[in-house]
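J.: The following comprises the amino acid sequence and a computationally predicted model.
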Amino acid sequence: MKIDCHSHISGRFFKCEVELKNLVEAADKLGIDKLCCSIPFVEGMPTPSEFKTCNDEMIKAMKEYPDKILGYCFVNPGYQQESLEEVEKRILEEGMIGVKLYNQYKCSDPIVFPIVKKTIELKVPILQHAGYLTDPAEAARQPNISNARDISYLASLFPKAVIIEAHLGGGGDWEWALKVLRNTRNVYVDTSGSVIDCGMIEKAVKLLGAERLLFGTDLSMEEGIGKILDAEISEHDRSLIFGENMRQILEARFK
Amino acid sequence: MIIDFNMYLGQWPFRKFCARTAFEALKWMDKNRISIAVVSSLNSVLYMDSHDGNYELLEEVEQYGERFVPLAVLNPKYPGWENDLEECVGLGFRGLRLYPQYHNYSLTDEDCLRLVKKASEKNLVVSIPVRLRDGRGRHWMDLARDISLDELKQLAEKSPETKIVVLEARRIVDSPLTNYSNVYFEISRMNAAFGEIDRLIEQVGDSRVVFGSGFPLKYLQSAILKTKLIKKPEGTIEKILWRNACSLLGLDQKEPRLGSIENMFLP
């Protein structure tokens, strides 16, 4: 089983140049069983009306491809009450699988904590956009991007939270991230992103263990699959990364 | 058969590698059914005298016969490149790899244009990696820029007689670079899943696209997957996988050696 824990579809506020049907077709060809998607707001501070629009579009895609598309609820923690209501409604009533947080706030900012508490209550994961960008120009573009230290801090405050650090292969210095997260047991790392540095997956398995790694693409489809297939790891570890770990995360709320 | 036009051997100082030697690379090549690797020395990227890396490369691959096709790295800003070029031809190098981003020059510098012109006079193909690593996570001492498509276009325009293979490029479709018939494109950073490579083939034809992976800087399998997703006839795929590379390098177009890609895995 292959579950892509980090994908996206286009929406009014997020253009990713890939049509939904093409994404589903590509996933089928690559043997990806489920696509866990979100529609984030990648520049600026979305209002409740705007993040609700993102989630409306996400729900529509879930209904169009119920066997393939799973959706994260995207919110802006700066609107606390509206975000909490949105998360609860989308997850309990409309079948979303978790919460997607982008770069509106660092996840170590206390403004995010009520959302984290809500995910613990609902037993769902948070997919946290993240990166340690070593290039100053890249870093300047996302001043509030969370890095592994922010995530590690959050995880230490909320040991029962299930936090996924997004795109190991799209968040800058991935070795730095692995070293920081090594001892933070309640943080998973998704392997998505266009960066496919040879040795990345082997090192991630060595430092974190395959049990904490989740396959993802972030729309870099061949890169996402290829790095897991090519990595010199055991078939058991490959199976955990490709889908078993994410399956357990998704099923946790029903236990 | 698969010829990988974008492989490297040697040391890279910023990160541990899964394969630095020809012997280590062969294990990955065999696993991914790569028959021939077109390689250059990574040592040459950072040596003051790039040509020393070319000697090392030859020593490294000589015992493996036709499994490796060596390309030489020369720096047109460093003295003596004219002699080095002559020597490279005599030593059997089939082409060059240029690194203006690491050797501190522009592709349109006079010295570079002279090198490229002389290379084409000697029937050497010239390959240029747009980058060797993703800038978002670059090492603090690795300040190299990505080569822009515009800089490549200017080189193509000023050196129409030179066969230029652009490695590690993306967003090529609809770019002016596609209009230059002397420019070839390697696929490792283009997507096949959403049709980018198909569109490129439609724009430039199937004779100007070559397979490459970027190994060992990058995993190999992702590039292989791309070739499985291209929606073009088998003849086109064959050209991309090896026939175009043979033409560019002046290699005999022999029978497949390590089996057809059709027999490979897929998820």
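T.: Done, it's in.

J.: count of neighbours near B:A169?
T.: For B:A169, the neighbour count with other CB atoms under 10 Å in any protein chain shown is 25. C-beta coordinates here come from the backbone N, C-alpha and C atoms, glycine included.

J.: can you pull the contacts of A:S83?
T.: A:48, A:51, A:75-77, A:114-115 (CB atoms under 8 Å, 6 or more residues apart in numbering or on different chains).

J.: tell me the contacts of B:D252?
T.: B:C246.

J.: mean confidence for the host helix or strand of A:L127?
T.: According to DSSP states H and E, A:L127 maps onto strand A:125-128. What strand A:125-128 shows for mean pLDDT is 98.

J.: Contacts for that strand, please.
T.: Contact with strand A:125-128 is made by A:5-6, A:36, A:38, A:72, A:97-101, A:107, A:115-116, A:119, A:146, A:151, A:161-166, A:188, A:190, A:249, as judged by CB under 8 Å, 6+ apart.

J.: same for the helix or strand just after that strand, what does it pack against?
T.: Using DSSP H and E, the helix or strand that follows strand A:125-128 towards the C-terminus is helix A:136-141. Helices and strands touching helix A:136-141, as assessed by 3 or more CB pairs under 8 Å, 6 or more residues apart in numbering or on different chains; DSSP states H and E, are absent.

J.: so what does whichever helix or strand comes after helix A:136-141 touch, helix or strand wise?
T.: Following helix A:136-141 in sequence order, the next helix or strand is helix A:148-157 (DSSP H and E). Here helix A:148-157 touches strand A:162-165, helix A:174-181, strand A:187-190, going by 3+ CB pairs under 8 Å, 6+ apart.

J.: burial of the closest residue to A:S146 other than its chain neighbours, as a residue count?
T.: Leaving aside its sequence neighbours, A:S146 sits nearest to A:C107 (CB to CB, 6 or more residues apart in numbering or on different chains; 4.3 Å). By the criterion of other CB under 10 Å, A:C107 has 28 neighbours.

J.: same question, A:I225
T.: A:I225 - counted by other CB under 10 Å - has 25 other residues nearby.

J.: who's in contact with A:G98?
T.: A:G98 makes contact with A:36, A:72-73, A:91, A:119, A:124-127 under the criterion CB under 8 Å, 6+ apart.

J.: Which single one of those residues is nearest to chain B?
T.: A:C36 (17.0 Å; CB to the nearest CB).

J.: helix or strand right after the helix or strand containing that closest one?
T.: Assessed by DSSP H and E, A:C36 sits inside strand A:34-38. Note on strand A:34-38: by DSSP H and E, the next helix or strand toward the C-terminus is helix A:48-64.

J.: Which neighbouring elements make contact with that following helix?
T.: Helix A:48-64 sits against strand A:34-38, strand A:69-74, helix A:80-88, with contacts defined as 3+ CB pairs under 8 Å, 6+ apart.

J.: do the first one and chain B meet at all?
T.: No - Strand A:34-38 lies out of reach of chain B by CB under 8 Å from any CB of the partner chain, never closer than 12.2 Å.

J.: Show the contacting residues for the nearest residue to B:Q101 once chain neighbours are set aside.
T.: The shortest distance from B:Q101 to any non-neighbouring residue, by CB to CB, 6+ apart, is to B:A144 (3.9 Å). Applying CB under 8 Å, 6+ apart, one finds that B:A144 lies in contact with B:99, B:101-102, B:131-132, B:138.

J.: Check B:K218 too.
T.: By CB under 8 Å, 6+ apart, B:K218 lies in contact with A:196-198, B:188.

J.: any chance of the residues you listed in a markdown table, plus neighbour count and pLDDT?
T.: Formatted as a markdown table, the contacts of B:K218 follow (neighbours: other CB atoms under 10 Å in any protein chain shown; pLDDT from 0 to 100):
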| residue | neighbour count | pLDDT |
| --- | --- | --- |
| A:I196 | 31 | 98 |
| A:D197 | 24 | 98 |
| A:C198 | 25 | 97 |
| B:S188 | 27 | 98 |
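
J.: tell me which parts of the stretch 1-150 of chain A are close to chain B?
T.: A:2, A:17-18, A:22-23, A:26, A:29-32, A:131-135, A:138.

J.: ok, how many other residues are close to B:D150?
T.: Number of residues near B:D150 (other CB under 10 Å) recorded here: 13.

J.: quick one: what helix or strand has it in it?
T.: Secondary structure from DSSP H and E places B:D150 in helix B:149-158.
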